[in-house]
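**Q** next input, structure requested:
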Amino acid sequence: MPFLHGFRRIVFEYQPLVDAILLTVGLEEGASCLEEKGARLVDQDTVCSSLVDLLERESKSPVFEAGISYALFKVAERGLVYAAEILLRYGANLNFEDPVSYYNPLHIAILRGRPSMVRLLAGHGADIEKRDRIHESSPLDLASEESDRLACMHALLDLGADVNAQDKLGKTALLHTLACIDGLTVHNTDNIQLLLQRGADVHAATKVGESTASSLVFLIKDALDNSSHEDAAQIGRFCVRTCELLLAHGMDASRCLVEDGEPSLTQASLEHFDLLLPLAVLLLHRGAAFVCSRHRNCWSGHTLLFQRLRSVVQPPDGSVVDESRASEILEQAEFVLEAARVNHPSLPLPPGLAAPVPGDDPGTRGLLELHRRVVEQEASPPALRCLCRAFLRRHLQPWPLVNKIKALPLPDRLKDFLLPENTQRLKPSWESFRTLHGQPLSRSQQPQLAAAASESQLAAAASSL
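**A** Okay, here's the model as predicted:
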(Lines give C-alpha, C1' and ligand atoms only; values in the text may rest on other atoms or scores of the structure.)
Protein backbone atom coordinates (compact mmCIF):
# COMPACT_ATOMS: atom_id res chain seq x y z
CA MET A 1 0.00 0.00 0.00
CA PRO A 2 1.52 3.34 -1.01
CA PHE A 3 1.61 6.12 1.58
CA LEU A 4 3.65 9.21 2.32
CA HIS A 5 6.38 9.03 4.93
CA GLY A 6 8.21 12.33 5.15
CA PHE A 7 9.09 13.09 1.54
CA ARG A 8 9.44 9.48 0.43
CA ARG A 9 6.75 7.30 -1.08
CA ILE A 10 6.94 3.72 0.16
CA VAL A 11 5.30 0.65 -1.35
CA PHE A 12 5.13 -2.46 0.84
CA GLU A 13 6.62 -5.66 -0.52
CA TYR A 14 3.34 -7.49 -0.11
CA GLN A 15 1.26 -4.85 -1.92
CA PRO A 16 1.09 -6.77 -5.26
CA LEU A 17 -0.42 -9.77 -3.48
CA VAL A 18 -2.93 -7.51 -1.70
CA ASP A 19 -3.88 -5.90 -5.00
CA ALA A 20 -4.38 -9.31 -6.61
CA ILE A 21 -6.63 -10.48 -3.76
CA LEU A 22 -8.74 -7.33 -3.83
CA LEU A 23 -9.10 -7.56 -7.59
CA THR A 24 -10.18 -11.18 -7.29
CA VAL A 25 -12.98 -10.33 -4.84
CA GLY A 26 -14.14 -7.41 -6.95
CA LEU A 27 -12.40 -4.58 -5.11
CA GLU A 28 -9.51 -2.31 -5.75
CA GLU A 29 -7.56 0.01 -3.48
CA GLY A 30 -9.75 3.08 -2.97
CA ALA A 31 -12.82 1.49 -4.55
CA SER A 32 -15.92 3.68 -4.54
CA CYS A 33 -19.15 2.84 -2.75
CA LEU A 34 -20.71 1.95 -6.12
CA GLU A 35 -17.87 -0.48 -6.89
CA GLU A 36 -18.19 -1.96 -3.43
CA LYS A 37 -21.91 -2.49 -3.95
CA GLY A 38 -21.19 -4.16 -7.25
CA ALA A 39 -18.67 -6.48 -5.60
CA ARG A 40 -21.39 -7.82 -3.35
CA LEU A 41 -23.52 -8.78 -6.33
CA VAL A 42 -20.94 -11.06 -7.92
CA ASP A 43 -21.21 -14.86 -7.88
CA GLN A 44 -19.64 -15.65 -4.52
CA ASP A 45 -18.96 -19.27 -5.44
CA THR A 46 -16.92 -18.16 -8.45
CA VAL A 47 -15.10 -15.51 -6.42
CA CYS A 48 -14.29 -17.95 -3.63
CA SER A 49 -12.98 -20.50 -6.10
CA SER A 50 -10.79 -17.87 -7.79
CA LEU A 51 -9.53 -16.62 -4.46
CA VAL A 52 -8.59 -20.12 -3.32
CA ASP A 53 -6.73 -20.71 -6.59
CA LEU A 54 -4.80 -17.45 -6.11
CA LEU A 55 -3.87 -18.25 -2.52
CA GLU A 56 -2.73 -21.75 -3.47
CA ARG A 57 -0.44 -20.32 -6.15
CA GLU A 58 1.04 -17.69 -3.82
CA SER A 59 1.22 -19.79 -0.66
CA LYS A 60 5.00 -20.25 -0.93
CA SER A 61 5.68 -16.52 -1.27
CA PRO A 62 7.87 -15.06 1.54
CA VAL A 63 5.33 -12.23 1.97
CA PHE A 64 2.30 -14.51 1.89
CA GLU A 65 1.24 -14.13 5.55
CA ALA A 66 1.77 -10.37 5.60
CA GLY A 67 -0.10 -10.00 2.28
CA ILE A 68 -3.17 -12.02 3.24
CA SER A 69 -3.22 -10.39 6.69
CA TYR A 70 -3.37 -6.95 5.17
CA ALA A 71 -5.94 -8.20 2.67
CA LEU A 72 -8.00 -9.39 5.66
CA PHE A 73 -7.92 -5.84 6.99
CA LYS A 74 -9.18 -4.51 3.65
CA VAL A 75 -12.02 -7.04 3.22
CA ALA A 76 -13.01 -6.54 6.88
CA GLU A 77 -13.35 -2.84 6.11
CA ARG A 78 -15.67 -3.66 3.20
CA GLY A 79 -17.63 -6.33 5.11
CA LEU A 80 -16.83 -9.20 2.72
CA VAL A 81 -17.41 -12.06 5.16
CA TYR A 82 -16.98 -14.87 2.60
CA ALA A 83 -13.57 -13.54 1.55
CA ALA A 84 -12.48 -13.06 5.16
CA GLU A 85 -13.37 -16.68 5.95
CA ILE A 86 -11.04 -17.93 3.22
CA LEU A 87 -8.20 -15.62 4.24
CA LEU A 88 -8.52 -16.79 7.83
CA ARG A 89 -8.47 -20.40 6.69
CA TYR A 90 -5.15 -19.72 4.97
CA GLY A 91 -3.61 -18.21 8.09
CA ALA A 92 -4.34 -14.47 7.97
CA ASN A 93 -3.27 -12.79 11.21
CA LEU A 94 -6.21 -11.45 13.23
CA ASN A 95 -3.90 -9.06 15.06
CA PHE A 96 -2.37 -7.51 11.94
CA GLU A 97 -2.26 -3.70 12.28
CA ASP A 98 -2.70 -1.36 9.36
CA PRO A 99 0.69 0.40 8.98
CA VAL A 100 -0.99 3.80 8.67
CA SER A 101 -3.88 3.80 11.19
CA TYR A 102 -2.61 1.00 13.46
CA TYR A 103 -6.15 -0.43 13.61
CA ASN A 104 -6.59 -4.19 13.34
CA PRO A 105 -9.32 -5.96 11.29
CA LEU A 106 -11.79 -5.95 14.21
CA HIS A 107 -11.31 -2.23 14.79
CA ILE A 108 -11.87 -1.33 11.15
CA ALA A 109 -14.92 -3.58 10.91
CA ILE A 110 -16.44 -1.66 13.83
CA LEU A 111 -15.52 1.73 12.44
CA ARG A 112 -17.26 0.84 9.17
CA GLY A 113 -20.31 -0.64 10.92
CA ARG A 114 -19.88 -4.31 9.90
CA PRO A 115 -21.55 -6.41 12.64
CA SER A 116 -21.39 -9.69 10.67
CA MET A 117 -17.65 -9.22 10.25
CA VAL A 118 -17.31 -8.47 13.96
CA ARG A 119 -18.96 -11.79 14.79
CA LEU A 120 -16.83 -13.68 12.27
CA LEU A 121 -13.55 -12.26 13.57
CA ALA A 122 -14.51 -12.81 17.20
CA GLY A 123 -15.54 -16.37 16.33
CA HIS A 124 -12.03 -16.99 15.01
CA GLY A 125 -10.42 -15.68 18.18
CA ALA A 126 -10.14 -11.91 17.74
CA ASP A 127 -9.70 -10.20 21.12
CA ILE A 128 -12.85 -8.13 21.68
CA GLU A 129 -11.07 -6.11 24.38
CA LYS A 130 -7.93 -5.25 22.36
CA ARG A 131 -7.29 -1.51 22.33
CA ASP A 132 -5.86 0.37 19.40
CA ARG A 133 -2.30 1.64 19.72
CA ILE A 134 -2.96 5.31 19.05
CA HIS A 135 -5.93 6.22 21.26
CA GLU A 136 -6.08 3.05 23.38
CA SER A 137 -9.80 2.74 22.64
CA SER A 138 -11.44 -0.66 23.02
CA PRO A 139 -13.65 -2.09 20.27
CA LEU A 140 -16.71 -1.18 22.38
CA ASP A 141 -15.39 2.38 22.80
CA LEU A 142 -15.10 2.70 19.03
CA ALA A 143 -18.57 1.24 18.47
CA SER A 144 -20.14 3.59 21.02
CA GLU A 145 -19.02 6.78 19.30
CA GLU A 146 -21.41 6.74 16.31
CA SER A 147 -25.10 5.88 16.02
CA ASP A 148 -24.53 3.87 12.82
CA ARG A 149 -22.35 1.44 14.82
CA LEU A 150 -25.21 0.39 17.10
CA ALA A 151 -25.41 -3.09 15.54
CA CYS A 152 -21.69 -3.57 16.26
CA MET A 153 -22.32 -2.58 19.87
CA HIS A 154 -25.02 -5.26 20.10
CA ALA A 155 -22.61 -7.82 18.63
CA LEU A 156 -19.76 -6.94 21.01
CA LEU A 157 -21.98 -6.94 24.10
CA ASP A 158 -23.55 -10.25 23.06
CA LEU A 159 -20.01 -11.63 22.74
CA GLY A 160 -19.21 -10.57 26.31
CA ALA A 161 -17.41 -7.24 25.93
CA ASP A 162 -16.82 -5.52 29.28
CA VAL A 163 -19.29 -2.61 29.32
CA ASN A 164 -17.40 -0.83 32.11
CA ALA A 165 -13.82 -1.30 30.91
CA GLN A 166 -11.78 1.91 31.26
CA ASP A 167 -9.10 3.38 29.05
CA LYS A 168 -5.87 4.92 30.37
CA LEU A 169 -7.79 8.04 31.44
CA GLY A 170 -10.57 6.09 33.11
CA LYS A 171 -13.12 6.67 30.34
CA THR A 172 -15.73 3.98 29.76
CA ALA A 173 -17.76 3.30 26.62
CA LEU A 174 -20.65 5.33 28.08
CA LEU A 175 -18.36 8.31 28.60
CA HIS A 176 -16.95 7.87 25.08
CA THR A 177 -20.49 8.06 23.74
CA LEU A 178 -21.30 11.23 25.65
CA ALA A 179 -17.96 12.84 24.75
CA CYS A 180 -18.75 12.49 21.04
CA ILE A 181 -22.19 14.09 21.26
CA ASP A 182 -23.05 17.66 20.33
CA GLY A 183 -26.83 17.31 20.52
CA LEU A 184 -27.20 18.49 16.92
CA THR A 185 -25.48 16.34 14.31
CA VAL A 186 -24.40 13.65 16.78
CA HIS A 187 -26.98 12.44 19.30
CA ASN A 188 -26.43 8.80 20.18
CA THR A 189 -29.35 8.24 22.54
CA ASP A 190 -29.81 4.66 21.28
CA ASN A 191 -26.16 3.92 22.10
CA ILE A 192 -26.59 5.39 25.58
CA GLN A 193 -29.77 3.40 26.18
CA LEU A 194 -28.16 0.12 25.09
CA LEU A 195 -25.09 0.61 27.28
CA LEU A 196 -27.24 1.42 30.30
CA GLN A 197 -29.46 -1.60 29.67
CA ARG A 198 -26.35 -3.79 29.57
CA GLY A 199 -25.05 -2.52 32.91
CA ALA A 200 -22.98 0.59 32.16
CA ASP A 201 -22.05 2.39 35.38
CA VAL A 202 -23.87 5.72 35.39
CA HIS A 203 -21.49 6.96 38.13
CA ALA A 204 -18.30 6.28 36.15
CA ALA A 205 -15.80 9.15 36.06
CA THR A 206 -12.39 9.71 34.53
CA LYS A 207 -9.25 10.62 36.45
CA VAL A 208 -9.91 14.31 35.77
CA GLY A 209 -13.54 14.15 36.88
CA GLU A 210 -15.32 13.80 33.54
CA SER A 211 -18.66 12.07 34.11
CA THR A 212 -22.07 11.54 32.55
CA ALA A 213 -23.38 14.64 34.34
CA SER A 214 -20.40 16.82 33.40
CA SER A 215 -20.91 15.96 29.72
CA LEU A 216 -24.47 17.27 29.92
CA VAL A 217 -23.41 20.37 31.87
CA PHE A 218 -20.97 21.15 29.05
CA LEU A 219 -23.75 20.75 26.48
CA ILE A 220 -26.26 22.98 28.23
CA LYS A 221 -23.66 25.71 28.76
CA ASP A 222 -22.83 25.53 25.08
CA ALA A 223 -26.54 25.79 24.26
CA LEU A 224 -26.81 28.94 26.41
CA ASP A 225 -23.69 30.68 25.14
CA ASN A 226 -23.01 29.67 21.55
CA SER A 227 -26.22 28.46 19.93
CA SER A 228 -29.02 29.90 17.89
CA HIS A 229 -32.47 29.50 19.40
CA GLU A 230 -33.21 26.65 16.99
CA ASP A 231 -29.99 24.83 17.92
CA ALA A 232 -30.61 25.43 21.62
CA ALA A 233 -34.07 23.88 21.29
CA GLN A 234 -32.62 20.80 19.58
CA ILE A 235 -29.84 20.43 22.15
CA GLY A 236 -32.47 20.78 24.86
CA ARG A 237 -34.55 17.91 23.50
CA PHE A 238 -31.45 15.72 23.44
CA CYS A 239 -30.45 16.70 27.00
CA VAL A 240 -33.93 15.98 28.36
CA ARG A 241 -34.08 12.57 26.68
CA THR A 242 -30.57 11.64 27.84
CA CYS A 243 -31.31 12.81 31.38
CA GLU A 244 -34.38 10.60 31.46
CA LEU A 245 -32.20 7.60 30.62
CA LEU A 246 -29.45 8.45 33.10
CA LEU A 247 -31.83 9.29 35.94
CA ALA A 248 -33.68 6.01 35.41
CA HIS A 249 -30.36 4.25 36.10
CA GLY A 250 -29.49 6.16 39.25
CA MET A 251 -27.58 9.29 38.23
CA ASP A 252 -27.36 11.84 41.07
CA ALA A 253 -27.96 15.12 39.26
CA SER A 254 -27.50 17.30 42.37
CA ARG A 255 -24.04 16.12 43.38
CA CYS A 256 -21.21 18.56 42.69
CA LEU A 257 -19.05 16.99 40.02
CA VAL A 258 -15.74 17.30 41.86
CA GLU A 259 -14.66 18.09 45.40
CA ASP A 260 -13.91 21.76 44.68
CA GLY A 261 -17.54 22.37 43.75
CA GLU A 262 -17.77 22.24 39.96
CA PRO A 263 -21.49 22.79 39.25
CA SER A 264 -23.82 19.81 39.32
CA LEU A 265 -26.40 19.27 36.60
CA THR A 266 -29.22 20.51 38.84
CA GLN A 267 -27.25 23.60 39.83
CA ALA A 268 -26.43 24.39 36.20
CA SER A 269 -30.09 24.04 35.20
CA LEU A 270 -31.35 26.25 38.05
CA GLU A 271 -28.82 29.03 37.48
CA HIS A 272 -30.76 29.86 34.30
CA PHE A 273 -33.98 28.02 35.08
CA ASP A 274 -36.06 30.20 32.76
CA LEU A 275 -33.87 29.30 29.77
CA LEU A 276 -33.50 25.61 30.69
CA LEU A 277 -36.96 25.05 32.13
CA PRO A 278 -37.72 21.62 30.60
CA LEU A 279 -34.52 20.18 32.10
CA ALA A 280 -34.90 21.87 35.50
CA VAL A 281 -38.46 20.61 35.88
CA LEU A 282 -37.57 17.09 34.72
CA LEU A 283 -34.75 16.85 37.27
CA LEU A 284 -36.97 18.01 40.12
CA HIS A 285 -39.86 15.76 39.13
CA ARG A 286 -37.38 12.86 39.11
CA GLY A 287 -36.34 13.57 42.68
CA ALA A 288 -33.23 15.74 42.28
CA ALA A 289 -32.29 17.45 45.54
CA PHE A 290 -32.82 21.22 45.84
CA VAL A 291 -29.41 21.53 47.52
CA CYS A 292 -26.03 19.96 46.77
CA SER A 293 -26.22 16.27 47.69
CA ARG A 294 -22.44 16.20 48.20
CA HIS A 295 -21.72 19.25 50.36
CA ARG A 296 -25.24 20.32 51.39
CA ASN A 297 -24.32 23.97 51.68
CA CYS A 298 -22.37 24.99 48.56
CA TRP A 299 -25.56 25.90 46.69
CA SER A 300 -29.29 26.06 47.27
CA GLY A 301 -32.13 26.04 44.76
CA HIS A 302 -33.81 28.98 46.52
CA THR A 303 -30.65 31.07 46.27
CA LEU A 304 -30.15 30.26 42.59
CA LEU A 305 -33.77 31.03 41.74
CA PHE A 306 -33.80 34.41 43.45
CA GLN A 307 -30.39 35.34 42.03
CA ARG A 308 -31.69 34.67 38.54
CA LEU A 309 -34.95 36.50 39.26
CA ARG A 310 -33.11 39.57 40.52
CA SER A 311 -30.80 39.59 37.48
CA VAL A 312 -33.84 39.72 35.20
CA VAL A 313 -36.36 41.76 37.20
CA GLN A 314 -33.82 44.11 38.84
CA PRO A 315 -30.92 44.25 36.34
CA PRO A 316 -27.74 45.81 37.79
CA ASP A 317 -27.46 48.29 34.92
CA GLY A 318 -30.79 49.85 35.93
CA SER A 319 -32.45 49.20 32.56
CA VAL A 320 -36.23 49.04 32.29
CA VAL A 321 -37.58 45.47 32.30
CA ASP A 322 -40.46 44.51 30.07
CA GLU A 323 -43.46 43.85 32.30
CA SER A 324 -44.51 40.71 30.41
CA ARG A 325 -40.97 39.27 30.71
CA ALA A 326 -40.92 39.93 34.46
CA SER A 327 -44.34 38.34 34.86
CA GLU A 328 -43.29 35.28 32.85
CA ILE A 329 -40.10 34.55 34.80
CA LEU A 330 -41.94 34.94 38.12
CA GLU A 331 -44.51 32.43 36.92
CA GLN A 332 -41.73 30.07 35.82
CA ALA A 333 -40.04 30.36 39.23
CA GLU A 334 -43.28 29.34 40.96
CA PHE A 335 -43.56 26.40 38.57
CA VAL A 336 -40.03 25.28 39.50
CA LEU A 337 -40.73 25.61 43.23
CA GLU A 338 -43.89 23.54 42.87
CA ALA A 339 -41.93 20.86 40.99
CA ALA A 340 -39.32 20.78 43.78
CA ARG A 341 -42.00 20.29 46.45
CA VAL A 342 -43.36 17.18 44.74
CA ASN A 343 -40.57 14.99 46.10
CA HIS A 344 -39.37 17.33 48.87
CA PRO A 345 -42.44 18.85 50.58
CA SER A 346 -40.20 20.69 53.04
CA LEU A 347 -37.61 22.95 51.41
CA PRO A 348 -35.69 24.71 54.21
CA LEU A 349 -34.55 28.15 53.20
CA PRO A 350 -30.80 28.74 53.28
CA PRO A 351 -29.65 31.01 56.11
CA GLY A 352 -29.34 34.59 55.07
CA LEU A 353 -31.53 34.47 51.95
CA ALA A 354 -31.78 38.20 51.35
CA ALA A 355 -35.09 39.81 50.48
CA PRO A 356 -35.25 41.62 47.12
CA VAL A 357 -34.61 45.36 47.05
CA PRO A 358 -37.99 47.16 47.28
CA GLY A 359 -39.29 49.04 44.29
CA ASP A 360 -42.46 50.39 42.69
CA ASP A 361 -42.38 48.63 39.33
CA PRO A 362 -44.69 45.59 38.83
CA GLY A 363 -41.78 43.16 38.45
CA THR A 364 -40.18 44.12 41.76
CA ARG A 365 -43.53 44.00 43.54
CA GLY A 366 -44.09 40.51 42.15
CA LEU A 367 -40.61 39.44 43.28
CA LEU A 368 -41.22 40.74 46.80
CA GLU A 369 -44.56 38.95 46.95
CA LEU A 370 -43.01 35.66 45.79
CA HIS A 371 -40.27 35.98 48.42
CA ARG A 372 -42.87 36.61 51.13
CA ARG A 373 -44.94 33.56 50.13
CA VAL A 374 -41.87 31.32 49.99
CA VAL A 375 -40.78 32.39 53.48
CA GLU A 376 -44.28 31.81 54.86
CA GLN A 377 -44.71 28.46 53.15
CA GLU A 378 -41.38 27.08 54.30
CA ALA A 379 -42.06 28.24 57.86
CA SER A 380 -45.24 26.13 57.97
CA PRO A 381 -45.36 22.32 58.15
CA PRO A 382 -46.15 20.66 54.80
CA ALA A 383 -49.61 19.22 54.24
CA LEU A 384 -50.07 15.55 55.09
CA ARG A 385 -51.18 14.71 51.55
CA CYS A 386 -47.90 16.17 50.19
CA LEU A 387 -45.87 14.14 52.68
CA CYS A 388 -47.72 10.98 51.64
CA ARG A 389 -47.16 11.74 47.97
CA ALA A 390 -43.41 12.15 48.50
CA PHE A 391 -43.26 8.95 50.57
CA LEU A 392 -45.08 6.87 47.93
CA ARG A 393 -42.95 8.24 45.11
CA ARG A 394 -39.74 7.42 46.96
CA HIS A 395 -41.05 3.93 47.76
CA LEU A 396 -41.87 3.22 44.09
CA GLN A 397 -38.47 4.20 42.68
CA PRO A 398 -36.56 3.76 40.43
CA TRP A 399 -38.01 6.11 37.87
CA PRO A 400 -40.09 6.38 35.78
CA LEU A 401 -43.12 5.88 38.01
CA VAL A 402 -45.98 6.16 35.53
CA ASN A 403 -46.71 2.45 35.01
CA LYS A 404 -46.19 1.64 38.69
CA ILE A 405 -48.63 4.29 39.87
CA LYS A 406 -51.20 3.41 37.21
CA ALA A 407 -51.13 -0.18 38.50
CA LEU A 408 -52.05 0.89 42.05
CA PRO A 409 -55.65 0.22 43.22
CA LEU A 410 -56.38 3.92 43.62
CA PRO A 411 -58.90 6.38 42.12
CA ASP A 412 -57.72 8.15 38.98
CA ARG A 413 -57.84 11.51 40.75
CA LEU A 414 -55.35 10.29 43.36
CA LYS A 415 -53.12 8.82 40.67
CA ASP A 416 -53.07 12.23 38.97
CA PHE A 417 -52.00 13.78 42.27
CA LEU A 418 -49.18 11.27 42.57
CA LEU A 419 -48.07 12.07 38.99
CA PRO A 420 -48.00 15.87 38.74
CA GLU A 421 -45.51 15.57 35.87
CA ASN A 422 -48.43 14.28 33.78
CA THR A 423 -50.88 17.00 34.78
CA GLN A 424 -48.72 20.12 35.36
CA ARG A 425 -47.74 20.81 31.76
CA LEU A 426 -45.23 23.38 30.60
CA LYS A 427 -46.63 26.09 28.37
CA PRO A 428 -45.72 25.61 24.69
CA SER A 429 -43.36 28.60 24.83
CA TRP A 430 -41.53 27.01 27.79
CA GLU A 431 -40.89 23.60 26.23
CA SER A 432 -37.59 24.51 24.56
CA PHE A 433 -34.18 25.68 25.71
CA ARG A 434 -33.40 29.34 25.03
CA THR A 435 -30.08 31.13 24.68
CA LEU A 436 -28.60 33.93 26.75
CA HIS A 437 -28.17 36.09 23.65
CA GLY A 438 -30.38 37.16 20.80
CA GLN A 439 -34.07 37.78 20.48
CA PRO A 440 -36.68 35.47 22.00
CA LEU A 441 -38.48 33.07 19.71
CA SER A 442 -41.26 34.66 17.69
CA ARG A 443 -44.85 33.56 18.16
CA SER A 444 -44.70 31.76 14.83
CA GLN A 445 -41.58 29.79 15.85
CA GLN A 446 -42.86 28.69 19.26
CA PRO A 447 -45.65 26.36 18.02
CA GLN A 448 -43.24 24.79 15.51
CA LEU A 449 -40.65 24.00 18.18
CA ALA A 450 -43.35 22.84 20.59
CA ALA A 451 -44.70 20.48 17.92
CA ALA A 452 -41.18 19.14 17.27
CA ALA A 453 -40.69 18.57 20.99
CA SER A 454 -44.03 16.76 21.21
CA GLU A 455 -43.11 14.51 18.28
CA SER A 456 -39.77 13.72 19.98
CA GLN A 457 -41.54 12.84 23.23
CA LEU A 458 -44.05 10.62 21.41
CA ALA A 459 -41.25 8.79 19.60
CA ALA A 460 -39.35 8.31 22.86
CA ALA A 461 -42.49 7.02 24.56
CA ALA A 462 -43.19 4.61 21.71
CA SER A 463 -39.64 3.23 21.78
CA SER A 464 -39.88 2.57 25.52
CA LEU A 465 -43.04 0.47 25.19
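**Q** which segments of the protein make up each domain?
**A** Using automatic domain parsing, the domain parsing of the chain gives 1-93, 229-465.
**Q** mind putting the ones you listed in a markdown table, mean neighbour count and distance to Asn104 included?
**A** Where you see a C-beta, it was placed from the backbone N, CA and C, and this is true even at glycine. Formatted as a markdown table, the domains of the chain follow (neighbours: other Cβ atoms under 10 Å; distance: least, Cβ to Cβ, whole Å):
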| stretch | mean neighbour count | distance to Asn104 |
| --- | --- | --- |
| domain 1-93 | 16 | 7 |
| domain 229-465 | 17 | 32 |
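**Q** just give me the lowest mean pLDDT stretch among these.
**A** Out of the domains of the chain, domain 1-93 stands lowest, with a mean of 81 (criterion: mean pLDDT).
**Q** how about the strands of the stretch 51-200 of the chain, start to end?
**A** Using DSSP state E, counting those that start in this stretch, no strands are found in the stretch 51-200 of the chain.
**Q** which parts of it are helices?
**A** Counting by DSSP state H, counting those that start in this stretch, the stretch 51-200 of the chain has helices at residues 64-78, 81-89, 105-111, 115-123, 139-144, 150-158, 173-179, 189-197.
**Q** mind putting those into a markdown table with distance to Lys130?
**A** Listed next are the helices of the stretch 51-200 of the chain as a markdown table, based on distance: least, Cβ to Cβ, whole Å:
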| stretch | distance to Lys130 |
| --- | --- |
| helix 64-78 | 14 |
| helix 81-89 | 16 |
| helix 105-111 | 7 |
| helix 115-123 | 11 |
| helix 139-144 | 7 |
| helix 150-158 | 12 |
| helix 173-179 | 14 |
| helix 189-197 | 19 |
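**Q** of those, which is nearest Ser49?
**A** For Ser49, the closest of the helices of the stretch 51-200 of the chain is helix 81-89, at 9.9 Å, according to Cβ to Cβ.
**Q** show me what that closest one is packed against.
**A** Helix 81-89 sits against helix 44-58, helix 64-78, helix 115-123, with contacts defined as 3 or more Cβ pairs under 8 Å, 6 or more residues apart in numbering; DSSP states H and E.
**Q** ok, now with 10 Å
**A** If contacts are counted by 3 or more Cβ pairs under 10 Å, 6 or more residues apart in numbering; DSSP states H and E, helix 81-89 sits against helix 15-24, helix 44-58, helix 64-78, helix 105-111, helix 115-123.
**Q** how about CSV for those, with distance to Ala355 added?
**A** CSV is the format used below for the helices and strands packed on helix 81-89 (distance: least, Cβ to Cβ, whole Å):
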stretch, distance to Ala355
helix 15-24, 77
helix 44-58, 80
helix 64-78, 67
helix 105-111, 59
helix 115-123, 62
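**Q** which one, of those, ends up nearest to Cys388?
**A** Closest to Cys388 of the helices and strands packed on helix 81-89 is helix 115-123 (Cβ to Cβ; 49.7 Å).
**Q** report the buried residues of the closest one.
**A** 115, 117-122 (16 or more other Cβ atoms under 10 Å).
**Q** from one end of stretch 193-212 to the other, what's the distance?
**A** Taking Cα to Cα, to the nearest Å, stretch 193-212 runs 13 Å from one end to the other.
**Q** quick one: buried residues of that stretch?
**A** 193-196, 198, 200-202, 204-206, 210-212.
**Q** list just the nearest of those to Ala223.
**A** The closest of the buried residues of stretch 193-212 to Ala223 turns out to be Thr212 (Cβ to Cβ; 17.2 Å).
**Q** residue contacts, Ser311?
**A** Applying Cβ atoms under 10 Å, 6 or more residues apart in numbering, we find Ser311 in contact with 271-272, 329.
**Q** any idea how far the closest residue to Arg149 other than its chain neighbours is from Glu97?
**A** Excluding its sequence neighbours, the residue lying closest to Arg149 (Cβ to Cβ, 6 or more residues apart in numbering) is Ala143, at 4.5 Å. Ala143 is 19 Å from Glu97, where distance means Cβ to Cβ, to the nearest Å.
**Q** who has more neighbours, the two?
**A** Neighbours were counted for Ala143 and for Glu97 using other Cβ atoms under 10 Å; Ala143 has more, 32 against 17.
**Q** you'd agree that one is up against Leu159?
**A** No - using Cβ atoms under 10 Å, Ala143 is not in contact with Leu159, being 11.4 Å away.
**Q** how about Leu275: what's its closest non-neighbour residue?
**A** Arg434 (4.4 Å).
**Q** list the contacts for the residue nearest to Arg149?
**A** Shown in contact with Ala143 (Cβ under 10 Å, 6+ apart): 107, 109-111, 113, 115, 118, 137, 149-157, 161, 173, 176-177, 191, 194-195.
**Q** can you turn the buried part of these into a PyMOL selection?
**A** Remark: buried members of those, expressed as a PyMOL selection using 16+ other Cβ under 10 Å:
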select buried, resi 107+109+110+111+113+115+118+137+149+150+152+153+155+156+157+161+173+176+177+191+194+195
